[in-house]
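Participant: model this:
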Amino acid sequence: VVEPPDAGIDGAFGVCSSAAPFNMYLGIGGTPDPGGTWTDPLGNVHGNIFDPASDVPGCYTYTVQGSAPCANAVSVHCFTVSAIPDPGTSASIVVCEGDAPFFLIDGLGGTPDPGGAWTLSGAPASPVFTPGVSPPGCYQYEVPAVAPCVNGVATLCIIVIPGPDAGEDTAITVCKATGFYNLFNLLPDTPDVGGSWTDPSGDPFSGAFNSVGDPGGDYTYTVAGTGSCGPDSAVITVNVLDQANAGSGGSAILCSDVGAVPLLGLLAGSPDNTGTWFNPGGLITDPDFNGGIDAPGVYTYVVYGATPCPNDTATLAIAVQVAPNAGNNGSYTLCETDPLTDLFTLITGTPDPGGTWTDPGGNASTGVVDPATAPSGLYTYTVSGSPACADDEALLAIVFDPCSGISEQAAGSWVWLGQQADGTHAFVRPAHAPTDPPVCDAVGRTVPSVVRADGQRLNVDLRDAVTGVYFVNAEQDGRRITLRIVHAAR
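Facilitator: Numbering: from 1, shown residues only. Predicted coordinates:
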């Protein structure tokens with residue numbers, strides 16, 4: 001009798017990829033005969049030793065040869081190899097307080113498997129670390145394993161160091177020529193000391209802004225970082241405004257007959273033209289002073305500054321001197337037989353007394369003339385002005401007439417309106433009267449003249465004639481009439 005072979009009992013085994021090589025025969029159940037042979041899942045001959053790290057997982061066959069007439073004995077042993085989890089390699093890192101959040105797994109070494117769980121001191125932790133918010137310390141990463149493998153564990157220790165703080169960006173407005181400004185003190189929050197400044201051109205800057213000469217723009221404060229921390233910067237934008245300038249005050253003496261005088265031109269310096277004037281009563285007034293209308297006194301000019309610049313004020317004390325009045329010009333004919341005549345009594349208007357006279361030759365005169373001997377012509381009455389006012393003059397065109405020869409006839413309804421400012425003579429003529437009456441001088445000679453009619457108004461132009469008496473020969477109602485006029489050459 002031949003004993004049949006015994007290959008043992010079939011079995012199934014789970015092994016970890018990190019397990020040490022082992023003898024498959026020792027794992028066969030029952031009482032297998034030794035000395036059998038092994039084949040792998042592909043049918044290839046295989047030794048007794050199974051290496052989880054390199055051998056193909058699957059079913060391996062153990063065969064024991066039988067002696068005739070007994071058949072071979074076979075047992076099948078299936079091996080499942082589970083990969084060991086890879087949590088990566090433990091590491092220690094230093095991060096900056098101001099760094100961006102990051103995944104903890106990225107701090108581990110190697111190629112850690114995803115899907116693990118993080119803990120800190122045994123408590124669950126977020127997989128995302130936010131510097132400055134998340135607590136520093138040693139975080140444990142555990143990747144679950146399939147039995148018989150054990151879980152994979154790695155540790156990431158994190159040290160957080162404070163980052164540099166340059167403060168926050170801001171903007172300020174300063175008024176020109178108001179001193180120095182320490183820009184560091186104007187940065188918001190609590191910036192670190194010891195940083196460096198650059199000006200708007202990128203050049204090194206002291207940090208003390210001089211409002212007299214430094215330009216406006218962006219000034220940058222930079223604090224260098226340490227370790228893994230990079231530098232931090234803050235920008236302070238400086239806007240520089242010109243100060244309000246009302247100029248320098250003073251005083252002015254003006255004449256009462258002056259026209260509109262710009263008050264701004266009476267201030268010293270270079271005042272801004274954007275201000276407002278206030279009269280002595282404190283009311284807003286026109287920027288022009290009219291000596292004949294506006295009251296003298298202290299006028300105030302205010303230029304309003306843009307915040308934070310203050311307003312600027314200048315005062316102007318204005319005195320007004322009364323303009324001299326020599327009266328109105330006039331033309332007169334006096335007979336040589338008339339008595340002594342005080343020319344002052346011939347001036348119309350309200351002339352100031354106390355002036356001086358000059359005769360037609362420019363010689364000083366008392367103003368009292370003897371018609372029998374005085375020369376005909378322009379007599380000038382002058383009233384002296386004050387420092388602010390010019391002298392004033394009145395001109396009297398006086399003709400001393402023998403009062404004989406050509407006689408003056410009744411003028412009827414013709415009216416002589418006198419010599420005008422432009423040297424012409426104006427008349428009002430009757431309706432239907434001729435518009436071109438001839439003009440003669442005192443001895444009857446025709447005088448070249450230009451006569452212009454405008455309705456019933458007639459202008460006779462004698463601007464090229466010498467001073468003297470002239471006669472206009474007109475007609476009215478079919479009869480001839482003569483009008484005597486006195487012309488003063490200009």
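
Participant: so where's this structure shaky on pLDDT?
Facilitator: For the chain, applying pLDDT under 70 flags the ranges 404-412, 442-444.

Participant: ok, and the closest non-adjacent residue to residue 337?
Facilitator: Nearest residue to residue 337, sequence neighbours excluded (C-beta to C-beta, 6 or more residues apart in numbering): residue 403, at 6.7 Å. In short, each C-beta sits where N, CA and C put it, glycine included.

Participant: quick one: residue 138 is in a helix?
Facilitator: No - read with DSSP: H, G, I helix; E, B strand; the rest coil, residue 138 is strand and lies in no helix.

Participant: Provide the secondary structure category for the residue lying closest to it once chain neighbours are set aside.
Facilitator: Nearest residue to residue 138, sequence neighbours excluded (C-beta to C-beta, 6+ apart): residue 157, at 4.2 Å. Secondary structure state of residue 157, per three-state DSSP, is strand.

Participant: for stretch 420-428, which positions count as buried?
Facilitator: If you call a residue buried by 16 or more other C-beta atoms under 10 Å, then stretch 420-428 has these buried ones: 424, 425, 427.

Participant: What of stretch 187-201?
Facilitator: For stretch 187-201, by 16+ other C-beta under 10 Å, it's 187, 191, 195, 197, 198, 199, 200.

Participant: cool, stretch 270-281 as well?
Facilitator: Quick answer for stretch 270-281 (16+ other C-beta under 10 Å): 271, 272, 275, 277, 278, 279.

Participant: what's in contact with stretch 378-396?
Facilitator: With contacts defined as C-beta atoms under 8 Å, 6 or more residues apart in numbering, stretch 378-396 is touched by 253-258, 321-332, 343-344, 346-347, 349, 351-352, 354-360, 365, 367, 369, 397-398, 467, 488-489.

Participant: Could you tell me which of those count as buried?
Facilitator: 254-258, 321, 323-327, 329-331, 343-344, 346-347, 351, 355, 357-360, 365, 367, 369, 397-398, 467, 488.

Participant: In strands, which of the residues you listed appear?
Facilitator: Using DSSP state E, 254, 255, 321, 330, 331, 357, 358, 365, 369, 397, 398 are the members of these that sit in strands.

Participant: So residue 271 is in contact with residue 249, correct?
Facilitator: No - at 9.9 Å, residue 271 and residue 249 do not qualify as touching, with contact defined as C-beta atoms under 8 Å.

Participant: Quickly list what's touching both of the two.
Facilitator: Residues within reach of residue 271 and of residue 249 at once, by C-beta under 8 Å, 6+ apart, are 301, 314.

Participant: what's near enough to touch residue 35?
Facilitator: Taking C-beta under 8 Å, 6+ apart as the test, what residue 35 contacts is residue 64.

Participant: where does it land in three-state SS?
Facilitator: Secondary structure for residue 35, judged by three-state DSSP, is coil.

Participant: what's the distance between the residue nearest to residue 138 and residue 422?
Facilitator: Separation of residue 157 from residue 422 (C-beta to C-beta, to the nearest Å): 109 Å.

Participant: ranges for the helices of the chain?
Facilitator: Shown for the chain, no helices are assigned by DSSP state H.

Participant: My understanding was that residue 398 contacts residue 343; is that so?
Facilitator: Yes - applying C-beta under 8 Å, one finds residue 398 in contact with residue 343, separated by 7.4 Å.
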